[in-house]
Structure formats: structure tokens, C-alpha cells
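K.L.:
structure of the sequence below:
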Amino acid sequence: MYLVLSIVLSTILGVFLVSLGTYIAGFIAFGIIVGCLFRGMYLLNDIRKILDSSPKKDKVQAAYESYLNERDNSIP
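P.N.:
Below is the predicted model of the structure:
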């Protein structure tokens with residue numbers, strides 16, 4: 001639904017920008033593009049922070065602990 005709304009609004013904005021002068025439309029289009037780029041960079045930064053904050057267990061450490069547990073359990 002948001003995709004259809006986005007397409008319709010983009011079409012209306014495009015028609016509006018074509019009807020304006022070259023300089024005014026250029027400034028508005030530049031502002032929209034730069035705003036979208038900054039918003040995308042902000043969202044990517046948020047995603048990176050979320051992924052970095054998740055606890056990661058070292059595979060080697062996990063394998064070593066598993067080996068020690070198996071070794072300790074197998075000794076009578």
C-alpha cells in the first residue's frame with residue numbers, strides 16, 4: 001500500500017516540478033535527493049549499531065568449551 005502511495009505522490013511531485021522553473025525545481029529536487037541519502041545513511045548507521053550490540057560468541061571458544069565438557073564427562 002505504501003508503494004502505491006509513494007508512486008502516486010512521486011508522480012504528483014514530478015508534475016509539480018516540471019511546471020516550476022528550472023532553478024526552483026532543481027533546488028527542490030536536490031533537497032529531496034540529499035535528504036533521502038542522509039536518511040538512508042542514518043538508517044544504515046542504526047542497523048549497524050543494532051548488529052554490533054548483539055552478543056557474538058567466538059566459534060573457537062565455543063568449540064573449546066564443548067571439547068572440555070565432553071572430555072570432563074567422559075572421564076569416570
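K.L.:
show me what contacts Leu20?
P.N.:
Ile28 (C-beta atoms under 8 Å, 6 or more residues apart in numbering). All C-beta atoms are positioned from the backbone trio N, CA, C, and that covers glycine.
K.L.:
do that again at 6 Å, thanks
P.N.:
Leu20 makes contact with no residue under the criterion C-beta atoms under 6 Å, 6 or more residues apart in numbering.
K.L.:
what helix or strand does the most centrally placed residue in the chain sit in?
P.N.:
Centrality entry for the chain: nearest residue to the mean C-alpha point is Leu44, 3.7 Å, by C-alpha atoms, centre = their mean. Per DSSP states H and E, Leu44 falls inside helix 22-53.
K.L.:
again, but for Arg71
P.N.:
Assessed by DSSP H and E, Arg71 sits inside helix 59-74.
K.L.:
C-alpha coordinates for that helix, PDB please?
P.N.:
What follows is helix 59-74, C-alpha atoms only, in PDB (Å, rounded to 0.1, in the frame of the first residue of the first chain):
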ATOM      1  CA  LYS A  59      33.400 -20.100  17.500                       C
ATOM      2  CA  VAL A  60      36.800 -21.300  18.600                       C
ATOM      3  CA  GLN A  61      36.000 -20.500  22.300                       C
ATOM      4  CA  ALA A  62      32.600 -22.400  21.900                       C
ATOM      5  CA  ALA A  63      34.300 -25.400  20.400                       C
ATOM      6  CA  TYR A  64      37.000 -25.500  23.100                       C
ATOM      7  CA  GLU A  65      34.400 -25.300  25.800                       C
ATOM      8  CA  SER A  66      32.400 -28.100  24.200                       C
ATOM      9  CA  TYR A  67      35.600 -30.200  24.000                       C
ATOM     10  CA  LEU A  68      36.300 -29.600  27.600                       C
ATOM     11  CA  ASN A  69      32.800 -30.500  28.600                       C
ATOM     12  CA  GLU A  70      32.900 -33.700  26.600                       C
ATOM     13  CA  ARG A  71      36.300 -34.600  28.000                       C
ATOM     14  CA  ASP A  72      35.200 -34.000  31.600                       C
ATOM     15  CA  ASN A  73      32.000 -36.000  31.100                       C
ATOM     16  CA  SER A  74      33.800 -39.000  29.500                       C
END
